[in-house]
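Chemist: What follows is a predicted structure for the sequence shown.
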Amino acid sequence: MAKLMLLGVPAYGHVNPTLPVVAELARRGHQILYCNAPSFDQVISRSGAALVAYPDASASEAEFAKRAINLAGVSVYLLQETLRLLPFTLDLIRREQPDLVLFDSLALWGMQATRLHPVASVASITTLVQEGVPGIVHWPDYPHLIRQALPHLPALQRLRKQLVKAYGARIFPRQAIFPCTGDTNLVYTSREFQPATPFIDDTFHFVGPSILEASRAETEFPWEALTPGRKKIYISLGTVYTGNTRFYRSVIDGLAGHPAQVILSIGHQTALQDLGNVPDNVIVRPHVPQLKLLQHVDVFVTHGGMNSVNEGLNYGVPLIVVPQQLEQALNGRQVARQGAGIVLADTPPYGQIDAGALRRTVDRVLADSGYRINAERLSRSFHDAGGYQRAADVITSRLGLDQEYHDESEACVRRLGAG
């Protein structure tokens, strides 16, 4: 079978969608080398891949999370990492001779390595494709973007010039750096949910969310505390923004005494005592088994990270998106455009809500069945797209293995007939 190499970035939002795909490819007998930070060793090994740790500690989950709140800042970080990791990646490809390289759409060093050392390439795009989407960025976003970008522009220009000087201009196929694209591009959503853009061509395959419960670590949860027949509201800010105590207090103040039961996931950055008095209708946990829990809730209040959006809609749950940064605001606007939820506080400064507005919005979503109907429509489109199995099919077809399987099957039939 084939040897595959995956070049990731140190963020669970980008790693999680790849794990079911890797597990499926391993089940089909392929060898997978997964390059990422050492902290991802356990989840990667559980998927059936072998971790190849990036050298040094720069490409760490904590560093990526710190930069992720500023789009220009994270771009500088990724260019710095490319200068550091591109020689390592080129050497690894020469040494291992993979049949195909799969790289995250932010792993610039992956795209550039496959241009310098030609090998079949597939980009793993874990976000919506925003390039070329008209009207997705609103006018109030621009001053915020400019303020964020200006301090980083000299570094962006300097780092880009360093890479071009070292490797040639062809490593940047277009002016915009991200998303990085390959010969083939996997997008983990449905074509129905993706906004229209001329950037998308026939190299893009919309495979739907890549979700497999078995690929997630077990998380304890007091299921017996959930009251049967009672509406349930699940609230989470994902893995990066869990230190937002102000948001959690707004949630508790706004939903105290609400007829619904509230499940609030706060991560490890916020201590329970920082929340003050927690009312009886609110269950607070550092972490929850999100995939299982979403199958029991009526509304999901989320920061709007793409994984969370995909997972909520996958189970037909209407969303209330409270973005913490611009990319999440764009995701929330697409949810609202599709009628599957409401986006709140999506203008700078993002994510600042008051308790009353949150409660009114929760009541509105619970009362209007249209949000649930549209969430279920998108859920069907997600399942029809094929998920991680379809992603594995696209990858193996890129290798020409579908024809190989067909030829082997035909040969087997002929042998049996001759016997």
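Modeler: Received the coordinates, thanks.
Chemist: Once you drop chain neighbours, what's closest to Asp183?
Modeler: Ser121 (5.0 Å; Cβ to Cβ, 6 or more residues apart in numbering). Heads up, the C-betas are built off the backbone N, CA and C, glycines and all.
Chemist: go on, Ser45?
Modeler: Once flanking residues are discounted, Ser45 sits nearest to Leu51: 6.3 Å by Cβ to Cβ, 6+ apart.
Chemist: Then that neighbour would be within a strand, right?
Modeler: Yes. Counting by DSSP: H, G, I helix; E, B strand; the rest coil, Leu51 falls inside a strand.
Chemist: in the protein, which helix has the most residues?
Modeler: The longest helix of the chain (DSSP state H) is helix 71-96.
Chemist: So for it, what gets flagged as buried?
Modeler: Residues of helix 71-96 classed as buried by neighbour count (16 or more other Cβ atoms under 10 Å): 71-82, 85-86, 88-90, 92-93.
Chemist: Quick check: mean pLDDT of that helix?
Modeler: Summarised as a single mean, pLDDT over helix 71-96 is 96.
Chemist: now for that helix, which elements pack on it?
Modeler: strand 3-7, strand 31-36, helix 61-67, helix 108-116, helix 141-149, helix 153-167 (3 or more Cβ pairs under 8 Å, 6 or more residues apart in numbering; DSSP states H and E).
Chemist: And those: which comes nearest Glu218?
Modeler: helix 61-67 (20.3 Å; Cβ to Cβ).
Chemist: who does that closest one touch, helix- and strand-wise?
Modeler: Against helix 61-67 (3+ Cβ pairs under 8 Å, 6+ apart) you get helix 71-96.
Chemist: so after the helix it packs on, what's the next helix or strand?
Modeler: Past helix 71-96, further along toward the C-terminus, the next helix or strand under DSSP states H and E is strand 100-104.
Chemist: So what's the gap between whichever strand or helix holds Ser121 and the chain middle?
Modeler: In this structure, Ser121 sits in strand 120-125 according to DSSP H and E. How far strand 120-125 lies from its chain's middle: 15 Å, per Cα atoms, centre = their mean, to the nearest Å.
Chemist: Run the angle between that strand and strand 3-7 for me.
Modeler: Using axes from the mean of the first three to the mean of the last three Cα atoms, to 10 degrees, one finds that strand 120-125 and strand 3-7 are set 40 degrees apart in direction.
Chemist: what sits up against strand 120-125?
Modeler: Applying Cβ atoms under 8 Å, 6 or more residues apart in numbering, the external contacts of strand 120-125 come out as 6, 8, 14, 17-18, 21, 99-105, 110-111, 114, 179-188, 394-395, 398-399.
Chemist: Then stretch 326-343?
Modeler: 71, 127-128, 130, 136-138, 141, 144-145, 193, 195, 303-306, 309, 313, 318-323, 344, 346-347, 350, 361, 364-365, 370-371, 374-375, 377-378.
Chemist: how many other residues sit next to Leu116?
Modeler: 16 (other Cβ atoms under 10 Å).
Chemist: That one contacts Leu90, correct?
Modeler: Yes. Here Leu116 reaches Leu90: they are 6.2 Å apart, a contact under Cβ atoms under 8 Å.
Chemist: Distance to Leu330 and mean pLDDT for the helices and strands packed on helix 71-96 - can I get that in CSV?
Modeler: Below are the helices and strands packed on helix 71-96 laid out as CSV (distance: least, Cβ to Cβ, whole Å; pLDDT from 0 to 100):
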stretch, distance to Leu330, mean pLDDT
strand 3-7, 25, 98
strand 31-36, 26, 98
helix 61-67, 18, 80
helix 108-116, 21, 98
helix 141-149, 9, 94
helix 153-167, 21, 97
